[in-house]
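S.K.: Output the structure for:
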Amino acid sequence: MIVHFYTRPGCHLCEEARLMLKLVQEDVSFDIKEINIEQDDKLHEKYMLMIPVVELDGDIIQYGQVDYATILEALVK
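M.R.: Numbers count the residues shown, from 1 in each chain. Coordinates of the predicted model:
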């Protein structure tokens, strides 16, 4: 299972979300593919006001304020 994590440098919410994903990773096995939206104009336009964005299988699980329970619930379905 691969979770896509859209972020950009200097984003404090992204740093918190990264830590949250690592906590969930202790309970559920998955890989994190971190994507810097500043390296892709389309992704930057799509997500610039939403980051951090956590996505699984093309569906956004959560964005902005990321919490443990929401991520865990989405990954154990």
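S.K.: Flag every buried residue along stretch 31-43.
M.R.: Of all the residues in stretch 31-43, those buried under the rule 16 or more other Cβ atoms under 10 Å are 35, 37, 43. Using the backbone N, CA and C atoms, a C-beta is placed for each residue, glycine as well.
S.K.: what do you get for stretch 50-63?
M.R.: Quick answer for stretch 50-63 (16+ other Cβ under 10 Å): 51, 52, 53, 54, 55, 56, 61, 62, 63.
S.K.: Tell me the bridge partners for the closest residue in space to the fifth one that isn't next to it in sequence.
M.R.: Excluding the flanking residues, the one nearest residue 55 by Cβ to Cβ, 6 or more residues apart in numbering is residue 4, at 4.3 Å. Beta-bridge partners of residue 4, counted by DSSP bridges, are residue 33, residue 55.
S.K.: Tell me who's in contact with the most centrally placed residue in the chain.
M.R.: Nearest to the geometric centre of the chain sits residue 54, at 2.7 Å (Cα atoms, centre = their mean). Applying Cβ atoms under 8 Å, 6 or more residues apart in numbering, we find residue 54 in contact with 3, 4, 5, 6, 17, 21, 60, 61, 62, 63, 66, 71.
S.K.: Of those residues, which is the nearest to residue 31?
M.R.: residue 3 (7.1 Å; Cβ to Cβ).
S.K.: I'd like to know how many residues surround that closest one.
M.R.: 21 (other Cβ atoms under 10 Å).
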